[in-house]
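> no FASTA, just this:
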């Protein structure tokens, strides 16, 4: 059976007309969850997640809720954070080594390429934030 969403239980800590902030607490099940590496919950005690406020939702501060994210968005996060940087690093280092550059220089340029990649992710964080939309169930 294919899982369609990643979910975590949490508590609403703040509400505005635009954003509802939910505190997600780590529990023992995160360690065994196959998606723990994707969402980063396996190593954190508390995480705040911003969810667009549903004007028709019947929620208030202090309510226990379940926060959902599409599983495809979790997979996309793995690609953006782990797979693509690995390809950038390996491609840069192997390309420079095959061009005759020394190993140390190729390694440093590879690290610089990853740094540049993460800087680009940081610069486009608002665009990415709009793609990763959490919902409350």
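Yes, it's here. Predicted, not measured: the structure shown is a model, and the values here were computed from it.
> buried stuff in the lengthiest strand in the chain?
If you go by DSSP state E, the chain has its longest strand at strand 5-15. Neighbour counts over strand 5-15 (16 or more other C-beta atoms under 10 Å) mark 5, 6, 7, 8, 10, 12, 15 as buried. For glycine as for every other residue, the C-beta is placed from the backbone atoms N, C-alpha and C.
> cool, and stretch 112-131?
Along stretch 112-131, these residues count as buried under the neighbour rule (16+ other C-beta under 10 Å): 113, 114, 117.
> Format the residues you listed as JSON lines; extra columns: pLDDT and secondary structure.
Shown next, in JSON lines, are these (pLDDT from 0 to 100; DSSP: H, G, I helix; E, B strand; the rest coil):
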{"residue": "113", "pLDDT": "97", "secondary structure": "helix"}
{"residue": "114", "pLDDT": "97", "secondary structure": "helix"}
{"residue": "117", "pLDDT": "96", "secondary structure": "helix"}
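> the strands in this structure, which residues?
Going by DSSP E, the chain shows strands at 5-15, 19-25, 46-52, 64-70, 135-136.
> which stretch among those comes nearest residue 129?
The closest of the strands of the chain to residue 129 is strand 46-52. By C-beta to C-beta, the value is 8.5 Å.
> can you give me the angle that closest one makes with strand 64-70?
For strand 46-52 against strand 64-70, the angle by axes from the mean of the first three to the mean of the last three C-alpha atoms, to 10 degrees is 70 degrees.
> Just checking: what are the partner strands of strand 46-52?
Here strand 46-52 is paired, per DSSP bridges, with strand 19-25 (antiparallel).
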